[in-house]
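# Sequence plus predicted model, see below.
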Amino acid sequence: MATCTTSSNTLNDVNTRSITEQSNKTVTILDRGPNHVIAMKPSAVLCHHDSWAGSRKKKLKVGEEPEIPMLQRVRDAIANIDCENMINQSGADDDIDHNDDIDDYDNIIYGKIRRKINLVHRLDRGTSGALLFAFADDVDDVLDVDDDDDAATKEKTVEDPYIGRIEKKNIAKNEFIQKNKDSHHNCQKREKKKGATATLQEEMGKSTCIKTYVALVRGEGVLRGEDLKKKGWFEVNHPIKDVKGRVNDATTLFRFVAGQAEPQDDDDNEQIRIMQPRMSLVLARPQTGRWHQIRKHLNYLSHHILGDGSHGCSKTNKEWKMKRNLKDERIFLHLARLQIPPTKFTPNGIDCSCPLPLDMLGVLRIYAPDVLDQAVPSLESEGILINEPEKKYEVGSYTIPDVLLKAMEMARIEDKGR
């Protein structure tokens, strides 16, 4: 069987560059405002450690770095960027002894400007793209209602003994209510204030929020004799199950932009089949927020996403890993553009594009150059960035917590003792 040494090495170079960009512990900030941040999420990175996301619980191997989720990465990166900006703009703070070690100075600055950040939405571990966060320090969540009436009741004095006994009972009752407010009383006396996180999460669930994904799928864009590429944007309404097995309605808009067929079967053309796999480039816009919705709907259309181990084809994924260097924990699904109408916390709205990652571009350039050429006009018309723009993104660094560094050291010591 023929091998594809040249193409594999070329794609390996592309993947290596992509990995190198992330291995220096940096985060690219695509956009940010007073109340929000949008970061570029690479593949094979968790958004946040929890049971839903399926965080890794394996023991660290020697030389292996612990998994740092995007939430922590972005928190560190924003603090790092703001710290450097503060140092560059103001030079030194009046409260700091300038003879102190520079690391101590940085730590003091970090402590002053570090802000809490919340995830607004999530992307699967293998998915890349724009990830939205909200600053969580936008005033208190709860507004207290003035309790002057109760205070006036407590301070009221009476002269008549009988009336005094009644008033004492009322005072005791008021004190009890003040100390033991039930939920109904709480709702009447205190008003909950919606912050940036809750507001943006609510907007993300509305039909006015447009999330445009780019997917590389198995198949040339033809389903039961119908050319899906000629349909433009079309709607798929197909119920899907959630993690608990409950069936829910789900709607996704798809646009099959370009595709290519596989060469006819011929033992002498193994090299050609490797270099020209059956695949398509698809745009997707979920209208509902169901679990793995895009992945399940593309499987329903018999065009599963390359690298999707849960809803794809294991045989196809294995072939791509062996012959075309598809990375582990990589699903070729990328959130390329996020559009949210104006809100109280984002008065100008949000319209952020995340350039196609190098690994997806590398696959298109090497194995489907005609698909890429055909897709460029459509991608540009949809506001999808193929290459990074001329403007420079903010880039901040993140660190590995001390407790995880100790785990790495323990793994090294245990291995050395064997």
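Ah, there it is.
# Check what contacts stretch 286-296 and list those residues.
The contact list for stretch 286-296, computed with C-beta atoms under 8 Å, 6 or more residues apart in numbering, reads 124, 204-205, 207, 211, 213, 215, 235, 238, 240-243, 248-253, 284, 304-305, 308, 310-312, 331, 333. For glycine as for every other residue, the C-beta is placed from the backbone atoms N, C-alpha and C.
# can you rerun that using 6 Å?
Gly205, Ile240, Asp242, Val243, Asn248, Ala250, Thr251, Thr252, Ala284, Ile305, Asp308, His311 (C-beta atoms under 6 Å, 6 or more residues apart in numbering).
# Need those residues in CSV (columns: distance to Arg32).
As requested, those are arranged in CSV below (distance: C-beta to C-beta, whole Å):
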residue, distance to Arg32
Gly205, 22
Ile240, 34
Asp242, 32
Val243, 32
Asn248, 33
Ala250, 31
Thr251, 31
Thr252, 29
Ala284, 26
Ile305, 29
Asp308, 31
His311, 33
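# hmm, which two among those residues are most spread apart?
Gly205 and Asp308 (24.0 Å; C-beta to C-beta).
# Between the two, tell me which one has more neighbours.
Asp308 (28 against 11; other C-beta atoms under 10 Å).
# sec struct for Val27, please.
Of the three states, Val27 takes strand according to DSSP: H, G, I helix; E, B strand; the rest coil.
# Over to the one 4 residues further on?
Per three-state DSSP, the secondary structure class of Asp31 is strand.
# Check for me that Ile366 belongs to a strand.
No - read with three-state DSSP, Ile366 is helix and lies in no strand.
# separation between it and Leu385?
Here Ile366 is placed at a distance of 20 Å from Leu385 (C-beta to C-beta, to the nearest Å).
# Surely Ala77 forms part of a helix?
Yes - under three-state DSSP, Ala77 falls within a helix.
# Go ahead and confirm it touches Thr28.
No - judged on C-beta atoms under 6 Å, Ala77 makes no contact with Thr28 at a distance of 8.6 Å.
# just to revisit the earlier point, highest neighbour count among the contacts of stretch 286-296?
Neighbour tally across the contacts of stretch 286-296 (other C-beta under 10 Å): the maximum, 28 neighbours, falls on Asp308.
# Tell me who's in contact with that residue.
Asp308 makes contact with Arg295, Ile331, according to C-beta under 6 Å, 6+ apart.
# Wasn't Lys318 part of a strand?
No - applying three-state DSSP, one finds Lys318 to be helix, outside a strand.
# Model confidence score at it, please.
We have a pLDDT of 93 for Lys318.
# Next, work out how far apart it and Glu329 are.
From Lys318 across to Glu329, the span is 15 Å (C-beta to C-beta).
# For Leu298, grab phi and psi.
Main-chain torsions, Leu298, degrees, to the nearest 10: phi -70, psi -30.
# Pass me the low-pLDDT residue ranges in the stretch 301-418 of the chain, would you?
Applying pLDDT under 70 to the stretch 301-418 of the chain flags residues 404, 407-418.
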